[in-house]
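Asks: got a predicted structure plus its sequence, pasted below:
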Amino acid sequence: MQGFTRVIEVDEVPDPGKTLVEVEGEMIALFHVGDAWYALDDVCTHDGGPLADGELRDHKISCPRHGAKFDIRTGAALTMPAVRPTRSHETAVQDGGVWVRLRAAPLDQGPGALGQPTSIPSQTAPAVAAAAQEAVTTSRSPSPAPTGPLCEETAREILKEVKDPELFVNIVDLGLIYGVTITPAEDDAAKHHVAIDMTMTSPACPAGPQLIADTKRALGQRPDVAAVEVRIVMDPPWTPDRMTEAARDQLGIF
Ligand code: FES
């Protein structure tokens, strides 16, 4: 079998089951489901999570870091925050062993190419990002900014103006706002200092600086706000179950 590498014995992996193997220096997640074998790069395309450590259910593997699901048969990204496929490889069973032949990486080796972590880009994403784009197209009518007294609820409503530039979903419904603290401004009793505890969908999220700036701008334009502080919190890490139903609907996650 030209190009195939024997990676493990058939009876070493239960059905269903998974394991991590090495082929030509690359770490490959190997799956055994219903007498069939599947092989994927052990790399979540969201932010590099180790897929072989995830939960396998039917033909789906969940990334242990932020919960993105991939189809083990094709490598397709099925749910946010991953939107790009991870590379899948050929498998074969012969002489009691499981064999894997690596598929070449695609020629496009730019940011987010298969097997390379990327943080939720949308421009070549599959159906989930398309659904998000369509959702934002139909939800552009801006609602007026709340004008009542400043409180946490008001601040959260205002922050719904701030949208993740790649997911097109506001940061409140995404579950990125962990806390809102409002205190009187030191030098002006009529104004407030607002501190926002915010997380990101991944530590390397490239949208971070923009989200911070947009958050400060959205709250800072109120006349009763003296200063806005944004504190980035990565513990506990963001997970998809922090999203509201509205965000899930917008992203096409069910
Ligand atoms: S690294 Fe896999 S979902 Fe974030």
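Replies: Now that the structure is in, tell me what you want to look at. Numbers count the residues shown, from 1 in each chain.
Asks: please report how far the residue nearest to the spatial centre of the chain lies from Asp214.
Replies: Against the mean C-alpha coordinate of the chain, by Cα atoms, centre = their mean, the closest residue is Pro81 at 2.1 Å. When distances are taken as Cβ to Cβ, to the nearest Å, Pro81 and Asp214 turn out to be 19 Å apart. From N, CA and C alone the C-beta is placed, and that goes for glycine too.
Asks: close to the ligand: what parts of this structure are there?
Replies: Taking Cβ under 6 Å from any ligand atom, the part of the chain that reaches the ligand is made up of 44, 46-49, 63, 65-68, 81-82, 202.
Asks: now do the strands in this structure.
Replies: Secondary structure of the chain (DSSP state E): strands located at 5-9, 17-23, 26-33, 36-41, 55-57, 60-62, 69-71, 88-94, 97-101, 177-185, 188-198, 225-232.
Asks: coming back round to it: most widely separated two among the residues of the chain next to the ligand?
Replies: The two members of the residues of the chain next to the ligand with the most space between them (Cβ to Cβ) are Gly48 and Gly67, at 14.4 Å.
Asks: give me the more crowded residue out of the two.
Replies: Under the criterion of other Cβ atoms under 10 Å, the comparison of Gly48 against Gly67 puts Gly67 first, with 20 against 17.
Asks: now the nearest residue to Trp238 once chain neighbours are set aside, what are its backbone angles?
Replies: In space, and not counting its chain neighbours, Trp238 is closest to Thr199: 4.8 Å by Cβ to Cβ, 6 or more residues apart in numbering. The phi/psi pair for Thr199 (degrees, to the nearest 10) reads phi -110, psi 180.
Asks: for Thr199, give me its contacts.
Replies: Thr199 makes contact with Leu176, Tyr178, Ile232, Val233, Met234, Pro237, Trp238 under the criterion Cβ atoms under 8 Å, 6 or more residues apart in numbering.
Asks: buried ones only from these, please, as a PyMOL command.
Replies: The buried subset of the contacts of Thr199, as determined by 16 or more other Cβ atoms under 10 Å, is captured in PyMOL by this line:
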select buried, resi 176+178+232+233+238
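Asks: just put the contacts of Thr199 in CSV and tack on distance to Ala226 and pLDDT.
Replies: CSV is the format used below for the contacts of Thr199 (distance: Cβ to Cβ, whole Å; pLDDT from 0 to 100):
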residue, distance to Ala226, pLDDT
Leu176, 24, 96
Tyr178, 22, 98
Ile232, 21, 96
Val233, 23, 96
Met234, 27, 93
Pro237, 32, 87
Trp238, 29, 86
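Asks: tell me the confidence at the residue in the stretch 101-250 of the chain that the ligand sits nearest to?
Replies: Residue nearest to the ligand within the stretch 101-250 of the chain (Cβ to the nearest ligand atom): Ser202, separated by 5.5 Å. Ser202 carries a pLDDT score of 78 in this model.
Asks: that one: neighbouring residues, count only.
Replies: By the measure other Cβ under 10 Å, the count of residues near Ser202 is 24.
Asks: what do you get for Glu153?
Replies: The burial count assigned to Glu153 is 12, neighbours taken as other Cβ under 10 Å.
Asks: what's the answer for Asp173, then?
Replies: As a burial measure, the neighbour count of Asp173 was computed by other Cβ under 10 Å and equals 24.
Asks: before I go, just wanted to say thanks for your time.
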